[in-house]
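Chemist: Need a 3D model of the sequence below.
(2 chains)
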There are 2 protein chains.
Amino acid sequence: MSPAFDSYWPGHQSYYRTMSIQRISILGTGLLGGSIGLALKSISSEYHITGYGHNPSTVQRAVEVGAVDHGTSDLVEAVRDAQLVILCTPVGVFSEILLKIGSALGKGAIVTDVGSTKRSVVKLAEQHLPAGVHFVASHPIAGSEKRGVEFARTDLFDQKLCIITPTSRTDLVALEAVEQLWRRIGMRTTRLSPDDHDRLLADISHLPHLLAAALVAMQSPEALGLSGKGFLDTTRIAGGDGGLWRDILLDNRDHLAESVGRLKSQLDEVLKMLRDDQAEPLRRWLDDAATRREQLMQQKLRERNAE
Amino acid sequence: MSPAFDSYWPGHQSYYRTMSIQRISILGTGLLGGSIGLALKSISSEYHITGYGHNPSTVQRAVEVGAVDHGTSDLVEAVRDAQLVILCTPVGVFSEILLKIGSALGKGAIVTDVGSTKRSVVKLAEQHLPAGVHFVASHPIAGSEKRGVEFARTDLFDQKLCIITPTSRTDLVALEAVEQLWRRIGMRTTRLSPDDHDRLLADISHLPHLLAAALVAMQSPEALGLSGKGFLDTTRIAGGDGGLWRDILLDNRDHLAESVGRLKSQLDEVLKMLRDDQAEPLRRWLDDAATRREQLMQQKLRERNAE
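Modeler: Purely as a prediction, here's the structure:
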């Protein structure tokens, strides 16, 4: 099976050829996989989407909500005719899945993923996928602490950022095809190395999750009874799936340990300001944080309005 | 001036006499002071509310939005005829204000506050207020990272919790009167010692604020560019006023240092789990945090529905 190279995409600096991808397999039909399916189906009826789920009833629900055309609990069947396979399962089962689908994929097929860490999946794909199957790692920054296709939404990815992490081995046509896919469902895309991705995401995503959970874990029942809206907001992300986050935190443990170290240094600095009664430096530190966050909010609004 | 003891409040275990408070002074007409004014005026036209603000234009805006009947930038004038004075300024200026209003208050007048720490204000009130003026410390758990009477809302306190921190010296009639006031604007009330309050609030409110600010402060611009909705939620409270939070954190620095210490212990435990690849304990820890937070959400919903 060789994908057709037949469509032109205008709007690029130089028009380039890209693949016409129609047969897509979504492995893992939860919130993310389901939302990708809904988004694609809302754009074009030409997509034929196969959904795979370990649990038959989960896949059945994905078919029922219209996120996939066809569902199966057989991995090999799920990917056999696919031009593009999107891994939407927890990071922890990527290894097993890549190992199983490698021999079933046709030459020229593209595999991407939605995992929150990127070094390990790039390495696994290099190990497990045969020559002629192209892997392009993706991380769409979208989601929810909710789970399941019941919470899938057509607009989950709209105006959000998708990080693609190519390496020197990445096939450029496959790279463009994957970027086009994310853009078609409304995302902005950017490229980073897998290591830069994991380092930066440790700071901006994995550490916040760890902190939110730690903040809940350390509370006495008495203190929880006095919580206000601020505490619930601050810890919202701690409501996420434990198994999913365990995989992410373990997978990125080296960068995460560094992030925790830098956070602790910040805390030590503030404790010193408090101990030494440094009112002005403390106020500046707090005001700087408030200003940075406000600027971030404004930037997000501009990005949204620029779409 | 002696307040009249003339109203009965049913609905209590034993009916009791309470003061008929009509002349109220709100010192500090920002978000909290303004919202108290709006809430009281929405309940009864019998309240006559005087607003004080350091800045005349701030007080003027409070008059314009109907949060106070009369505004002044003269502290003594603001409290002269008041039966109840509510301190709504930042914690850092309580000392100065209590010192100035003491001699202007009539015998039997009650003073309360909305400060986020309680040990210091109780001590200051004992030092600065004359015999015959009753101080009852309050902490309504309500607010916003927004500032100013422009954001004041009639329902800001609705169904929220107000912590009252009486001591052995607190006048019981004044205590009941202050509790009634908060209940009239829709709050539940509970009593804690000033020290218990400050210890528990360090965990559930002051530490989360510190963490949110530290989490913003430690980010590189590159990492901030990759932030998703989770990061904005987690750090929302870091958008609060730097001066206000400086006062709170400094005032409660001893309990806060202990809270930071316990958080660091949690982080160290998790780092150890990550280092030792303890997948199951890590998952349990994450799931426990998710479950505790979910239970807290459910509890909040029940409290809301019970009203």
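Chemist: Isn't A:P90 up against A:G240?
Modeler: No. Counting by C-beta atoms under 8 Å, A:P90 does not reach A:G240; the two are 11.3 Å apart. Every C-beta, even on glycine, is put in place using the N, C-alpha and C of the backbone.
Chemist: Compare the two and say which one has the larger neighbour count.
Modeler: Neighbour count, other C-beta atoms under 10 Å in any protein chain shown: between A:P90 and A:G240, A:G240 has more, with 23 against 18.
Chemist: what's the pLDDT at the more buried one?
Modeler: A:G240 carries a pLDDT value of 83.
Chemist: Next: A:L215.
Modeler: So, for A:L215, pLDDT stands at 97.
Chemist: Same question for A:A212.
Modeler: In this prediction A:A212 is given a pLDDT of 97.
Chemist: if I look at it, how far off is A:G240?
Modeler: 9 Å (C-beta to C-beta, to the nearest Å).
Chemist: Check which residues of stretch A:102-110 are buried.
Modeler: With burial defined by 16 or more other C-beta atoms under 10 Å in any protein chain shown, the residues of stretch A:102-110 counted as buried are A:102, A:104-106, A:108-110.
Chemist: Stretch A:148-158 now?
Modeler: Neighbour-count burial for stretch A:148-158 [16+ other C-beta under 10 Å]: A:149, A:152, A:154, A:156-157.
Chemist: same check, this time on stretch A:136-152
Modeler: Quick answer for stretch A:136-152 (16+ other C-beta under 10 Å): A:136-145, A:149, A:152.
Chemist: ok, the residues you listed vs chain B, which is closest?
Modeler: Of all these, A:I141 has the smallest distance to chain B: 4.4 Å, by C-beta to the nearest C-beta.
Chemist: nearest residue to the closest one other than its sequence neighbours?
Modeler: B:G228 (4.4 Å; C-beta to C-beta, 6 or more residues apart in numbering or on different chains).
Chemist: A:H70 now?
Modeler: A:T50 (5.0 Å).
Chemist: How many residues are close by A:L296?
Modeler: So A:L296, with other C-beta under 10 Å, has 19 neighbours.
Chemist: need the contact list for the residue nearest to A:I141.
Modeler: A:141-143, A:160-161, A:204-205 (C-beta atoms under 8 Å, 6 or more residues apart in numbering or on different chains).
Chemist: returning to what we had before: can you list which of the buried residues of stretch A:148-158 are found in strands?
Modeler: Judged by DSSP state E, strands contain none of these.
Chemist: Which element, helix or strand, includes A:N305?
Modeler: helix A:279-306 (DSSP states H and E).
Chemist: got it, and A:H139?
Modeler: Applying DSSP H and E, one finds A:H139 within strand A:138-140.
Chemist: Any part of that strand near chain B?
Modeler: No. Strand A:138-140 does not reach chain B (C-beta under 8 Å from any C-beta of the partner chain); its nearest approach is 9.0 Å.
Chemist: starting at the chain centroid, how far to that strand?
Modeler: Here strand A:138-140 is found 4 Å from its chain centre; the criterion is C-alpha atoms, centre = their mean, to the nearest Å.
Chemist: The helix or strand just after that strand pairs with which strands, parallel or anti?
Modeler: Note on strand A:138-140: by DSSP H and E, the next helix or strand toward the C-terminus is strand A:161-164. Under the criterion DSSP bridges, strand A:161-164 sits next to strand A:138-140 (antiparallel), strand A:188-191 (parallel) in its sheet.
Chemist: Mean pLDDT for the ones you listed - can I get that in JSON lines?
Modeler: What follows is the strands paired with strand A:161-164, written out as JSON lines (pLDDT from 0 to 100):
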{"stretch": "strand A:138-140", "mean pLDDT": "97"}
{"stretch": "strand A:188-191", "mean pLDDT": "97"}
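Chemist: what stretches of chain A score poorly on pLDDT?
Modeler: Within chain A, the segments meeting pLDDT under 70 span A:1-19, A:306-307.
Chemist: hmm, 80 instead?
Modeler: Applying pLDDT under 80 to chain A flags residues A:1-19, A:144-146, A:303-307.
Chemist: In it, mark out all the strands, start to finish.
Modeler: Under DSSP E, chain A gives strands at A:7-9, A:16-18, A:23-27, A:48-52, A:70-72, A:84-87, A:110-113, A:134-136, A:138-140, A:161-164, A:188-191.
Chemist: before we move on, back to that, quick check: the two most widely separated of the buried residues of stretch A:136-152?
Modeler: Maximum pairwise distance in those, criterion C-beta to C-beta, is 27.4 Å, between A:V136 and A:E145.
Chemist: and stretch A:168-178, C-alpha only, in PDB?
Modeler: Only the C-alpha atoms of stretch A:168-178 are listed here, as PDB (Å, rounded to 0.1, in the frame of the first residue of the first chain):
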ATOM      1  CA  SER A 168      17.300  13.800  12.200                       C
ATOM      2  CA  ARG A 169      15.700  10.500  11.300                       C
ATOM      3  CA  THR A 170      12.200  11.900  10.800                       C
ATOM      4  CA  ASP A 171      10.700  11.600   7.300                       C
ATOM      5  CA  LEU A 172       9.900  15.200   6.200                       C
ATOM      6  CA  VAL A 173       6.800  14.300   4.100                       C
ATOM      7  CA  ALA A 174       5.400  12.400   7.100                       C
ATOM      8  CA  LEU A 175       6.300  15.300   9.400                       C
ATOM      9  CA  GLU A 176       4.400  17.800   7.100                       C
ATOM     10  CA  ALA A 177       1.500  15.400   6.900                       C
ATOM     11  CA  VAL A 178       1.200  15.100  10.700                       C
END
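Chemist: correct me, but A:L105 touches A:Q83?
Modeler: No. Contact criterion C-beta under 8 Å: A:L105 and A:Q83 do not qualify, at 9.8 Å.
Chemist: how close does A:L271 get to B:G243?
Modeler: 20 Å.
Chemist: and if you look at A:G240?
Modeler: In terms of C-beta to C-beta, A:G240 sits 34 Å off from B:G243.
Chemist: Using PDB, write down the CA coordinates of stretch A:219-227.
Modeler: Coordinates of the C-alpha atoms in stretch A:219-227 are reproduced here as PDB (Å, rounded to 0.1, in the frame of the first residue of the first chain):
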ATOM      1  CA  GLN A 219      -3.700  18.700  54.000                       C
ATOM      2  CA  SER A 220      -5.400  17.600  57.200                       C
ATOM      3  CA  PRO A 221      -9.200  17.000  57.000                       C
ATOM      4  CA  GLU A 222      -9.600  20.000  59.300                       C
ATOM      5  CA  ALA A 223      -7.700  22.200  56.800                       C
ATOM      6  CA  LEU A 224      -9.600  20.800  53.800                       C
ATOM      7  CA  GLY A 225     -12.900  21.900  55.600                       C
ATOM      8  CA  LEU A 226     -11.700  25.500  55.400                       C
ATOM      9  CA  SER A 227     -10.800  25.500  51.700                       C
END
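Chemist: Need the contact partners of it.
Modeler: With C-beta under 8 Å, 6+ apart, stretch A:219-227 has contacts from B:141, B:161, B:163, B:200-201, B:203-205, B:292, B:296.
Chemist: 10 Å instead?
Modeler: A:216, A:231, A:234-235, B:139, B:141, B:161, B:163, B:190, B:192, B:196-197, B:199-205, B:207-208, B:259, B:262, B:289, B:292-293, B:295-296, B:299-300, B:303 (C-beta atoms under 10 Å, 6 or more residues apart in numbering or on different chains).
Chemist: Which parts of stretch A:205-221 count as buried, going by neighbours?
Modeler: Neighbour count says stretch A:205-221 has A:205-219 buried, by 16+ other C-beta under 10 Å.
Chemist: so A:H255 sits right up against A:I204, yeah?
Modeler: No. Using C-beta atoms under 10 Å, A:H255 makes no contact with A:I204, being 11.2 Å away.
Chemist: all helices of the stretch 101-250 of chain A, in order?
Modeler: A:119-128, A:172-184, A:194-201, A:207-217, A:221-224, A:229-234, A:242-251 (DSSP state H, counting those that start in this stretch).
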